[in-house]
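Novice: here is a sequence together with a model predicted from it:
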Amino acid sequence: MSTDPVPMEVSLTVGKLDASLALLTTKDHHVIEFPTMLLPDNVKAGSIVKIQVSEDAEKELQEFQEFQNLQSEIMEKYGTHTPSKPEVEV
Amino acid sequence: MSTDPVPMEVSLTVGKLDASLALLTTKDHHVIEFPTMLLPDNVKAGSIVKIQVSEDAEKELQEFQEFQNLQSEIMEKYGTHTPSKPEVEV
Amino acid sequence: MLSQGSIPEVKEDSVGHALEERKSKLMQFQDLGPPDLITMTKYIPSASTSGSQSNNKRTLTPEPSLGIKTQDLHTHDKLKGEIGTFLYCAGADTSDPTSIAVYLKTLADVISEEPQIWFGKHRQYKVARITYSAWNAFRKCDVRVVVHIPGAVQSYLLDASGEILQIGEDDGNMLWAETFASGIVRSITMVTDNKEEGEVNSVVETRILNPLMSGEIGDVAETFIKLFPLVYAKGPTLGGPCDVSVVSKTNNYLCETLVNVTRLAQNFDLAHSVLADMLPLHPEIVVLLARILFEGDREIEAIKAIHDDLEAQGTSIADYRSELLCVQAKFLLTRKRDCKAARSVAETAVNCSPSEFRPWHLLVSSYIGLNDVENALLTLNASPMTPLKEKFVFKRVVPVAQDSPNLHLPLPVDVILDEVTGLSSQDVINEHRAVDASLINLPAANLKSTFQIAYKFLTEIVQKTGWEALLKYRSKLFVMEEEYQVASTPPSESDGSKNPADGFRSKRLCERWLDNLFMLLYEDLKTYTLWQAEQLHFEAQNTRYTKSTLEWELLGLCAYRLGHYREAAVAFDRGLAQRFSAQSSRKLLHIYLLQRETVKNSTELSSSQLLTALRDLDNSIIDLCVRLCCWNHRWYCEFSVILLDAMSVVVQDLGLTKLSNEIASRFPQSVVDLAQRNLLDFFANYTHGDYDK
Amino acid sequence: MLSQGSIPEVKEDSVGHALEERKSKLMQFQDLGPPDLITMTKYIPSASTSGSQSNNKRTLTPEPSLGIKTQDLHTHDKLKGEIGTFLYCAGADTSDPTSIAVYLKTLADVISEEPQIWFGKHRQYKVARITYSAWNAFRKCDVRVVVHIPGAVQSYLLDASGEILQIGEDDGNMLWAETFASGIVRSITMVTDNKEEGEVNSVVETRILNPLMSGEIGDVAETFIKLFPLVYAKGPTLGGPCDVSVVSKTNNYLCETLVNVTRLAQNFDLAHSVLADMLPLHPEIVVLLARILFEGDREIEAIKAIHDDLEAQGTSIADYRSELLCVQAKFLLTRKRDCKAARSVAETAVNCSPSEFRPWHLLVSSYIGLNDVENALLTLNASPMTPLKEKFVFKRVVPVAQDSPNLHLPLPVDVILDEVTGLSSQDVINEHRAVDASLINLPAANLKSTFQIAYKFLTEIVQKTGWEALLKYRSKLFVMEEEYQVASTPPSESDGSKNPADGFRSKRLCERWLDNLFMLLYEDLKTYTLWQAEQLHFEAQNTRYTKSTLEWELLGLCAYRLGHYREAAVAFDRGLAQRFSAQSSRKLLHIYLLQRETVKNSTELSSSQLLTALRDLDNSIIDLCVRLCCWNHRWYCEFSVILLDAMSVVVQDLGLTKLSNEIASRFPQSVVDLAQRNLLDFFANYTHGDYDK
């Protein structure tokens, strides 16, 4: 049912950059504010960078499970009548 | 002299997304406004994406040369005394 | 107990001016709009006028107002000595024209019943007509009721451009429901939104009533909760708290008011059942349901409701997920101090809604709770601020200068507590003039909205680290834009290889506002430290350390901002020993309530020690509340959520009877009556709390 | 030829009020600040006062003003019938206190020399003192000169908080240089920044002089150009055009003014040599140098300067690269119509500075030139707007209502051209009342700053595509936020696989402002089409199509916005045949100048046809300019860049002598004198142009 993840690749020109943000432009006139920190070292105004984006299904599932676990823990710890629980369970 | 290009890779969670922009957050609390269009299909709120950024030195050089060529053309076409030119050249 | 002394008025330049001014500004009203406006035409009756008018006396039944024109409503033969006056009003019952008319008539009667002291002279005024204008914030129209005395009652409607609208027969109920709800949200929000600022209203010509006690028919809180589903969909029209960047159906002033009204009236069961009925059609209501359950101390049900909803969402993320997670995170943080779980939940909320302040706020708070200073600072820096948003306050519709000769601000003589109601404002002004400028201009005192909250976090962090260590964290984590610019400017002869800005790669830009907060913190810390050192020095020399009440207040506020509550209390206390101050009293009240919590949860006290400590605190709280109640009354304000919330704690300890006796034993009768009316009666007759009656 | 009729005044509520008001607002002045302020204290002399004062007559030499206090300067024994008045002024010579004092004295003499018609009565006023306040925008301080008559001249300085500052001996020259430059930039910018709006100044109580003609000593343009390097570094303090989001050293009002002054005075050589001297220390000056070279028609040098600088930059990108590329792209686009090269250059400029509007603006324009509608729309949509920026206009420092009884607005009777100076404003108001509301409220007329520019592009696109095709492009390229939300809301029963929003992936979100511009365009097109159809219908029936002048003007403006200049000219022409209108005249003037360009470049006309066409156009241009010159004079304004630029074109054709004769043959003497003074004298004596003298 679900399609294979197709990574998107796009080439961008680095415009003005300051300590926090760089302005990147694509060939078809999108502008992206990108954290300077996430750019490779040595990148400066005028550089061209390639950005590849792909979905990380595995990590997604892992995070979802962690979230579910946390929610179960919270429910168990604060959402049940702790005194009455042993009586029912045992 | 110049160091080898080291691609940066970062994992991001997709938050709210609308027709133009998606808000992505990194584990260490950076927020990126990213064009929805550049995300893979099927990505939705809650998805996790991997972004790889690398410098494209080849393309950079190519663009630089194209720019130089354009500037030379402009100079030749509009920046020289066209009538006097043939006399000198031939 | 309405008296002439409780009605502030402003004399109009010409009769009808205030209504015209309001009309011309309807287009500019946003969100909740302005307070209600009352205007009066007063005259001095001669034998002939009073005679000729008594013929056409009519009852207070509203007339249908089809095809009415505004000018018809307000032109009138000019009466002898005729003047126009106006005041603002909040909290009156605006659920239908008759209720409004009854209230207007009461006001008119009070003005007419005896000669009024009017700019130094006695004037036997009669009121020829009196009008009420209430902004319907849902429909963006002005609802107006005019009472002619003697004569008819008329009501009409102006749209935002000032055109008269017909009230459709079938639509009338909905219109009045909205008008009523607008009024409740407005009057409650004005008080609750400005809790931190002491509920101060700068528009002095305003009468503020307790909206939950002013119902002409029926229980206002109950009516409001029951009407809630009718107006729910239009809630976002009313705007929302200043830390919300995009209001949603469950996150706006209407919903905040629902929670506040339910808590004040202790009517959790009704709110729960109303919300539960809405849930199938509006799944996002679970956000409010959980809040109401927590407020009503039904924690387990609340936790289950959140859990079940999240489970049902699965991987398909609902719009309101972030809001729901915030409710959960807040519970974990404030009630359970489970900072680890709160951190995870808040982080997920941030990922869902990175552009909203609240998820970030909870994440910062969790990191502080976990003593993770670095992440606390990083997330604080990343928090999206809302610099353009302001807390809801009343604003003047008709401009009036502070010292306008048209301002009639009588002293309510029905309640006298000398040290409070007799406070000389000239003395206060003189104190102001004499105070050290650096103390009065401490900039952290003026922080607004999200910056105020962010500053609170910074003070919590500095309490853990101290100033020197905080500075080290700052320079480890952040780079300033200027530093970066300097570092990244290429040297004149480029060496072609090394980018000097690379060293900053691991740091991030410190947001300008955060940088500014660091500076404000430095100012506060400097003032605090200097004061403490000075005081120690004086004490060591056995010299008396004297300050004016205002100075003590400013020092107290500085300590309060820094979270040094004990030192703040000392300062407020010393100041209050010299004269009354409303601001010092409110802050001290808040500190006592915090101390009360600490005492109650303390395991180190014997039970008799505990009882004594509680008794002492309760007594101090009662004292402060009653004084503040007098102060508010002196300024035409009969409603304070700060006082009701504080007193409800004491009522739970002592019971109403004992509390009432306690007050009677300490204050003069007029004050006792006021406290009875504005505080105790509320618990006795307008709440579903478990108090003895 | 200054007369009492050319001096508007506002009577103060109390003497000194305007100066106090200005002082209290100094803190709020931003960027260029307010126009200069002149205040006067006038009195009616009696025999005794005039006698007692003549003893201490002094010369106009400024006194040193050390240790002066403001109150000393303005208290004065109260004189008989003493009143205070004020007006604003722009363009006066503020290069030193003596020049200011001379100007003030001239004004005072004009007021005193004969009885003034003052609110219907003749009043023989004398001026006791007269002051001048000029905002030094570089240093953010107010420079004030007071002339006591008879008596001394004093000058002093107020900092932004209203404190008196000492003028240091060594610093005095710099202070006055800045004050002078502030004044020039302010008066030139007010006119050039609002060219599109017809240079309209809404603060009627202002005298506007030609700054380049008002030098008390020396050539103002020359002085300004020579002073430029001294104030250059502080240029960004003055702010910049509304389409600039971050002002830079070479992109701000100071630099714009340099270019405008150089062009007006035709003093390219001086500007070039001054800039060339700055270049070694300030490489970014190449941006201005190239602009000046282009303005002076030294294209080849300009192109070479740009080329060499870019080559020197290599791969290390200078801060000003984007600005320099913009200058190049604009040249390619407007002078060479080389849209392909312009596109490439503009694209590189965008990549350098994606957050600035101008590179995008040039890219959109290139795409339009290339008939690439899709990319034109996409880049238009991507352009960063500056909604918070406004064009520089004069604002009142002292509030005065439109119909204030304190406004003294005399009719300058020295120049009479009945149809212009005698235009009845009541007639215009009546026309206004009678006009169709839909015509008067066409929203595109009120577009500001970058939105105005973006709308221009949209009209250029629709001229190429037509409305229907434009709509198709729109829905092909863009999705509206609402559509996306609807499409991406999951169906109640999720099918778990398909995201219905996927279909929108190839489209982008249409910005709200662009969506709005589409709607405004629709309104304009509807109005235009309806008018044209109606007119055809009337003509077919041989019925006269009658409209008021205001209606013709509104239709003309609509056609003008849509780029239908021929139809616009017809409308303005018909309207002007009925009565004078300044706005219609200015727009028609602009259209004639465009037509003149077209005729000159036409290859289809024989040389005699061409000469006749040019002659006709020149005559029409002269006619409009002279009328507008009278209109401006009637409203106390003697300076218009629109008129100077238009006339310079005609002067180049005819020469000054012929032009002067032409005007003399058509207009009455007073008008001829005015045109000579305000237009022809400028070319003759204040420029370096190649005109016969």
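Specialist: Alright, I've got the coordinates. Since the structure is predicted, the reported quantities are computational estimates derived from the model, not experimental observations.

Novice: and C:Val10, what helix or strand is that in?
Specialist: In this structure, C:Val10 sits in strand C:9-11 according to DSSP states H and E.

Novice: any idea how far that strand is from the middle of the chain?
Specialist: Remark: strand C:9-11 is offset 25 Å from the chain centroid, using Cα atoms, centre = their mean, to the nearest Å.

Novice: quick one: strands adjacent to it?
Specialist: strand C:83-90 (antiparallel), strand C:407-408 (antiparallel) (DSSP bridges).

Novice: ok, which of these comes nearest C:Asp645?
Specialist: Of all the strands paired with strand C:9-11, the one in closest proximity to C:Asp645, counting by Cβ to Cβ, is strand C:83-90 (18.5 Å). Just so you know, the C-beta spots here come from the backbone N, C-alpha and C atoms, and that holds for glycine as well.

Novice: pLDDT averaged over the strand holding C:Val10 - what is it?
Specialist: Across strand C:9-11, pLDDT averages out at 96.

Novice: compile the strands paired with strand C:9-11 into a markdown table and extend it with columns for mean pLDDT and mean neighbour count.
Specialist: Below are the strands paired with strand C:9-11 laid out as a markdown table (pLDDT from 0 to 100; neighbours: other Cβ atoms under 10 Å in any protein chain shown):
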| stretch | mean pLDDT | mean neighbour count |
| --- | --- | --- |
| strand C:83-90 | 97 | 24 |
| strand C:407-408 | 94 | 16 |
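
Novice: quick one: what helix or strand has the spatially closest residue to C:Ala271 that is not a sequence neighbour in it?
Specialist: What sits nearest to C:Ala271 in space, not counting adjacent residues and going by Cβ to Cβ, 6 or more residues apart in numbering or on different chains, is C:Thr262, at 4.2 Å. C:Thr262 is located in helix C:253-265, with elements delineated by DSSP H and E.

Novice: count of residues packed around C:Arg666?
Specialist: C:Arg666 sits with 13 neighbouring residues when counted by other Cβ atoms under 10 Å in any protein chain shown.

Novice: what sits against it?
Specialist: Listed by Cβ atoms under 8 Å, 6 or more residues apart in numbering or on different chains, the contact set of C:Arg666 reads C:622-623, C:626.

Novice: closest one of those residues to chain A?
Specialist: C:Ile622 (34.8 Å; Cβ to the nearest Cβ).

Novice: make sure C:Leu157 is indeed in a helix.
Specialist: No - counting by DSSP: H, G, I helix; E, B strand; the rest coil, C:Leu157 falls outside a helix, being strand.

Novice: so which residues of chain A form helices?
Specialist: Assigned by DSSP state H, chain A shows helices spanning A:57-78, A:85-89.

Novice: near chain D at all, the longest one?
Specialist: Just to be clear, that refers to helix A:57-78. No - remark: helix A:57-78 sits outside contact range of chain D, by Cβ under 8 Å from any Cβ of the partner chain, the gap being at least 14.1 Å.

Novice: pull out the buried positions in that helix.
Specialist: A:60, A:63, A:67, A:71, A:74-75, A:78 (16 or more other Cβ atoms under 10 Å in any protein chain shown).

Novice: narrow the contacts of C:Arg666 to just the buried residues.
Specialist: For the contacts of C:Arg666, buried by 16+ other Cβ under 10 Å: C:622-623, C:626.

Novice: and the next element down the chain from the strand holding C:Val10?
Specialist: Following strand C:9-11 in sequence, per DSSP H and E, is helix C:17-25.

Novice: what's the neighbour count on C:Leu614?
Specialist: Other residues lying near C:Leu614 total 18 when counted by other Cβ under 10 Å.

Novice: then C:Pro236?
Specialist: Other residues within reach of C:Pro236 by the criterion other Cβ under 10 Å amount to 19.

Novice: tell me how far it lies from chain D.
Specialist: Going from C:Pro236 to chain D by Cβ to the nearest Cβ, to the nearest Å gives 15 Å.

Novice: that residue is in contact with C:Lys249, isn't it?
Specialist: Yes - checked against Cβ atoms under 8 Å, the pair C:Pro236 and C:Lys249 is within contact range at 6.3 Å.

Novice: follow-up on the earlier one: pretty sure the residue nearest to C:Ala271 contacts C:Phe294?
Specialist: No - assessed by Cβ under 8 Å, C:Thr262 is found out of contact with C:Phe294, at 11.3 Å.

Novice: compare neighbour counts for those two and give me the winner.
Specialist: Taking other Cβ under 10 Å, C:Thr262 and C:Phe294 do not tie; C:Thr262 has more neighbours (27 against 21).

Novice: C:Leu275 versus the more buried one, what's the distance?
Specialist: Applying Cβ to Cβ, to the nearest Å, the value for C:Thr262 to C:Leu275 is 10 Å.

Novice: overlap of the contact sets of the two?
Specialist: C:Ile292.

Novice: partners of the strand ranked longest in chain A in the sheet?
Specialist: What stands out as the longest strand in chain A, according to DSSP state E, is strand A:8-17. Applying DSSP bridges, strand A:8-17 is found paired with strand A:21-26 (antiparallel), strand A:48-55 (antiparallel).

Novice: circling back to that earlier point, ok, the residue nearest to C:Ala271 - contacts?
Specialist: Applying Cβ under 8 Å, 6+ apart to C:Thr262 gives the contacts C:221, C:225, C:268, C:270-271, C:292, C:295-296.

Novice: turn those residues into TSV, including secondary structure, distance to C:Leu644 and pLDDT.
Specialist: Formatted as TSV, those follow (DSSP: H, G, I helix; E, B strand; the rest coil; distance: Cβ to Cβ, whole Å; pLDDT from 0 to 100):
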residue	secondary structure	distance to C:Leu644	pLDDT
C:Ala221	helix	12	97
C:Ile225	helix	17	98
C:Phe268	helix	16	96
C:Leu270	helix	19	97
C:Ala271	helix	18	98
C:Ile292	helix	18	98
C:Glu295	helix	15	95
C:Gly296	coil	17	95
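
Novice: and which of the residues you listed is nearest chain B?
Specialist: C:Ile292 (26.3 Å).

Novice: including pLDDT and distance to chain C, could the buried residues of helix A:57-78 go into JSON lines?
Specialist: As requested, the buried residues of helix A:57-78 are arranged in JSON lines below (pLDDT from 0 to 100; distance: Cβ to the nearest Cβ, whole Å):
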{"residue": "A:Glu60", "pLDDT": "92", "distance to chain C": "8"}
{"residue": "A:Glu63", "pLDDT": "92", "distance to chain C": "9"}
{"residue": "A:Phe67", "pLDDT": "95", "distance to chain C": "6"}
{"residue": "A:Gln71", "pLDDT": "96", "distance to chain C": "6"}
{"residue": "A:Ile74", "pLDDT": "96", "distance to chain C": "6"}
{"residue": "A:Met75", "pLDDT": "95", "distance to chain C": "4"}
{"residue": "A:Tyr78", "pLDDT": "94", "distance to chain C": "5"}
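
Novice: nearest to chain B, of those residues?
Specialist: Among those, A:Glu60 lies closest to chain B (Cβ to the nearest Cβ), at 4.5 Å.

Novice: give the contact list for the closest one.
Specialist: With contact taken as Cβ under 8 Å, 6+ apart, A:Glu60 is in contact with B:46-48.
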